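Engineer: please work out how this folds:
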Amino acid sequence: MAAFVLVALAVVFQYAGSWGVPYFSFTSERGSPCRNDLSGYTCSPLTLADLEFYGDVDLPDDSTMISGTYKATHDYRLDATVDVPQATAAEALSGLKEAYGECQPGHPGPISTKAFRKVCVMTNDDVVSGSSSEPSSRLYLVGTGLRKDGSRHIVLTMKSR
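Structural biologist: Residues are numbered from 1 along each chain as shown. Now for the predicted structure:
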């Protein structure tokens with residue numbers, strides 16, 4: 001009887017996080033460590049695969065996650081910082097533009113214009129996206145720029161409306 005109880009408890013503790021039990025940990029399908037809380041879950045640090053999934057963006061495989069957090073409750077928030085080597089910096093900008101639109105000149109961004117050149121800010125904080133009158137279900141602010149060595153730095157913030 002005691003062995004049965006111990007086995008049952010081991011199974012419960014092993015899978016409790018993936019079942020959504022508060023304060024238990026789990027690993028996302030794309031490899032990020034996550035932890036449940038009373039109202040949702042938080043994944044940190046994010047893997048590049050999770051950033052691409054939650055951010056709906058395609059970045060080069062040689063991109064390096066500097067930091068990243070995804071918090072899901074009744075809403076969600078995604079914050080990430082990524083570096084892309086010089087060899088694929090143009091490809092990364094292309095993927096960002098495909099996902100978030102063209103650069104918006106003069107819009108304040110999340111990165112310093114003094115530390116980077118060719119700074120690009122993409123946001124939908126003041127526009128209705130798409131051809132319908134419905135606003136986008138998410139707000140995003142993406143800032144990117146090139147370092148002196150040609151590598152690309154990306155800062156992405158996204159949240160649900």
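Engineer: host element of residue 155?
Structural biologist: Element membership for residue 155 (DSSP states H and E) is strand 152-160.
Engineer: give the buried residues for that strand.
Structural biologist: Neighbour counts over strand 152-160 (16 or more other C-beta atoms under 10 Å) mark 152, 153, 154, 155, 156, 157, 158 as buried. No exception for glycine: its C-beta is placed from N, CA and C like everyone else's.
Engineer: can you check stretch 47-58 too?
Structural biologist: Neighbour-count burial for stretch 47-58 [16+ other C-beta under 10 Å]: 47, 48, 50, 51, 52, 53, 54, 55, 57.
Engineer: give me the element the residue nearest to the spatial centre of the chain is part of.
Structural biologist: For the chain, residue 51 is the residue whose C-alpha lies nearest the centre (C-alpha atoms, centre = their mean; 3.7 Å). Assigning secondary structure by DSSP H and E places residue 51 in helix 48-55.
Engineer: how about residues contacting that helix?
Structural biologist: 28, 30-32, 43, 46, 57-59, 61, 63-65, 68, 70, 76, 78, 80, 82, 99, 140, 156, 158 (C-beta atoms under 8 Å, 6 or more residues apart in numbering).
Engineer: among these, name the buried ones.
Structural biologist: Judged by 16+ other C-beta under 10 Å, buried ones among the contacts of helix 48-55: 28, 32, 43, 46, 57, 59, 63, 65, 68, 70, 78, 80, 82, 99, 140, 156, 158.
Engineer: keep only those of those that are in strands.
Structural biologist: 43, 65, 68, 70, 78, 80, 82, 140, 156, 158 (DSSP state E).
Engineer: surely the last one touches residue 138?
Structural biologist: Yes. Applying C-beta atoms under 8 Å as the test, residue 158 and residue 138 come out as touching, 5.7 Å apart.
Engineer: just for this protein, where's the confidence low?
Structural biologist: Applying pLDDT under 70 to the chain flags residues 4-5, 7-9, 11-18, 20, 126-135.
Engineer: sec struct for residue 21, please.
Structural biologist: coil (DSSP: H, G, I helix; E, B strand; the rest coil).
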